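Participant: this one's structure only:
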């Protein structure tokens, strides 16, 4: 039997052993093997609420990998007690930690995280933006008031990204907001709003915008409205 398999069995034998929590947390900090980290995750999740405080402490570790692993486990535990600490991780200097924290917040599903998730629309990393889309779509209608507010943000990227997510949630309550966004001065925002309306099947709203100054918006509208 390989050494990794032996270690795996030893870790898994600690499932439910709250007396081994300090060891498990210390091991999570230093473990580099992916399979063994997942074993540690499984065992820490089995301990539930008792594991949350030391895991939250790891979110402040100087090593970004440790912060990443801690966010991963907290998301698996799925307890609202971690939400505030995970929201703080959305400002982490390491984008992989931010992305993992966003995923964990989506797994927990506490709506108090929604404004902080939307606030990261201004981050340039594409993998993070994909994760934010997925997480916010998962919140469904709970995210709508915050996304509607973001459509009025002074920063174009916030308006553009909000329109994109609203198109994927596809709730009728968003139609007036997206209709107004068709008049935005920024081409990318108008295109995102037009695409969202097309996704929602609300193409008649676009009828008066077939001569938009942005060729992309023109082409999109003319494709769906004859």
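Facilitator: Noted; the coordinates are in hand. Quantities reported herein were computed from a predicted structural model and do not represent experimental measurements.

Participant: burial count for residue 203?
Facilitator: Neighbours of residue 203 under the rule other CB atoms under 10 Å: 15. C-betas here are computed from N, CA, C, even on glycine.

Participant: tell me the pLDDT at the closest residue to it other than its chain neighbours?
Facilitator: Closest residue to residue 203 apart from its sequence neighbours, by CB to CB, 6 or more residues apart in numbering: residue 224 at 4.7 Å. Looking at residue 224, its pLDDT reads 88.

Participant: and residue 224, how far from residue 70?
Facilitator: Residue 224 is 46 Å from residue 70, where distance means CB to CB, to the nearest Å.

Participant: neighbour count: those two, which is higher?
Facilitator: Neighbour comparison, residue 224 and residue 70: the larger count goes to residue 70, with 30 against 14 (by other CB under 10 Å).

Participant: run through who's touching the host helix or strand of that one.
Facilitator: Under the criterion of DSSP states H and E, residue 70 resides in helix 64-77. For helix 64-77, contacts defined as CB atoms under 8 Å, 6 or more residues apart in numbering pick out 28-29, 37, 40-41, 44-45, 48-49, 51-52, 55-56, 58-61, 82, 85-86, 89, 92-94, 96-97, 100-101, 103-108.

Participant: in that helix, what's buried?
Facilitator: 65, 66, 67, 68, 69, 70, 71, 72, 73, 74, 75, 77 (16 or more other CB atoms under 10 Å).

Participant: same deal with stretch 170-178?
Facilitator: Neighbour counts over stretch 170-178 (16+ other CB under 10 Å) mark 170, 174, 175, 177, 178 as buried.

Participant: which of those residues sits closest to residue 153?
Facilitator: residue 177 (12.2 Å; CB to CB).

Participant: distance check, that closest one against residue 118.
Facilitator: Residue 177 is 14 Å from residue 118, by CB to CB.

Participant: the helix or strand that contains residue 23 versus helix 64-77: what angle between them?
Facilitator: Element membership of residue 23, judged by DSSP H and E, is helix 21-30. Helix 21-30 and helix 64-77 meet at an angle of 130 degrees, taking axes from the mean of the first three to the mean of the last three CA atoms, to 10 degrees as the criterion.

Participant: tell me how far helix 21-30 is from the chain's mean position?
Facilitator: 27 Å (CA atoms, centre = their mean, to the nearest Å).

Participant: for that helix, packing partners?
Facilitator: With contacts taken as 3 or more CB pairs under 8 Å, 6 or more residues apart in numbering; DSSP states H and E, helix 21-30 sits against helix 34-47, helix 52-58, helix 64-77.

Participant: next, count neighbours for residue 196.
Facilitator: Residue 196 has 25 neighbours, counted by other CB under 10 Å.
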